[in-house]
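S.K.: Could you work out the structure for the sequence below:
(2 chains)
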Amino acid sequence: DGGITQSPKYLFRKEGQNVTLSCEQNLNHDAMYWYRQDPGQGLRLIYYSQIVNDFQKGDIAEGYSVSREKKESFPLTVTSAQKNPTAFYLCASSKGGSYGYTFGSGTRLTIV
Amino acid sequence: SQQGEEDPQALSIQEGENATMNCSYKTSINNLQWYRQNSGRGLVHLILIRSNEREKHSGRLRVTLDTSKKSSSLLITASRAADTASYFCATDPPGKSTFGDGTTLTVKP
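M.R.: Sure thing, here's the model as predicted:
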């Protein structure tokens, strides 16, 4: 079955450490996205990529970095520069254009 | 970026009743999508309506779009306890739109 896989489901890190969240899709979608969701709130766009080796900042890119070396993979690194990284992170992919998103099941990151 | 704003913030109904939630947006669109999110999970795509469509049905879901008012509504008929979730709208293009805070629907058995 085609889908989008995020791992791990839960992640705990100490303050000041960088951490990388994994996102893999086998839907052959060109576009991939990272969103952050805080409790009771909507999704805010961190980064997106419409094609391999290219990506753009979203609304809240500061303190985050991404890479898109393969079509299937779009990892997100939460750096120590992100002041409040504890949140629920959602990865999504899209055929692009007018097809909407397919979401992963999310990674809950907690900084201890 | 364009933001969809859902209204009301919260909605509580009895099983079997209908639930209506609304979405407003700011600029012209090619399509609008509705998503459902169960607690602690990812979003699930429910339905997409294009700008040249006024109404679309999918099972117990009915979506309307009024481009002159820049608004859409999602109607869930004969609601079930399993419909309890948050509902979000999003506009195109992907990567250029953000999601509002959603409507949290609670369906009481």
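S.K.: you'd agree B:Gly40 is up against A:Pro39?
M.R.: No. B:Gly40 sits out of contact with A:Pro39 when judged by Cβ atoms under 8 Å, with a separation of 10.5 Å. C-beta here means a position set from N, CA and C on the backbone, and glycine is covered the same way.
S.K.: In terms of neighbours, single out the busier of the two.
M.R.: Neighbour totals were compared for B:Gly40 and A:Pro39, and B:Gly40 leads with 10 against 7 (other Cβ atoms under 10 Å in any protein chain shown).
S.K.: Now do the contacts for the more buried one.
M.R.: Shown in contact with B:Gly40 (Cβ atoms under 8 Å, 6 or more residues apart in numbering or on different chains): A:88, A:106, A:108.
S.K.: Pick out the residue closest to the middle of chain B.
M.R.: B:Trp34 (4.1 Å; Cα atoms, centre = their mean).
S.K.: now the helix or strand containing it: mean pLDDT?
M.R.: Secondary structure assigned from DSSP states H and E places B:Trp34 in strand B:31-37. For strand B:31-37, the per-residue pLDDT values average out at 93.
S.K.: Low-confidence stretches in the chain?
M.R.: If you meant another chain, say so; for now it's chain A. Low-confidence segments of chain A, defined by pLDDT under 70: A:1, A:97.
S.K.: not what I meant, chain B
M.R.: B:1-2, B:93-98.
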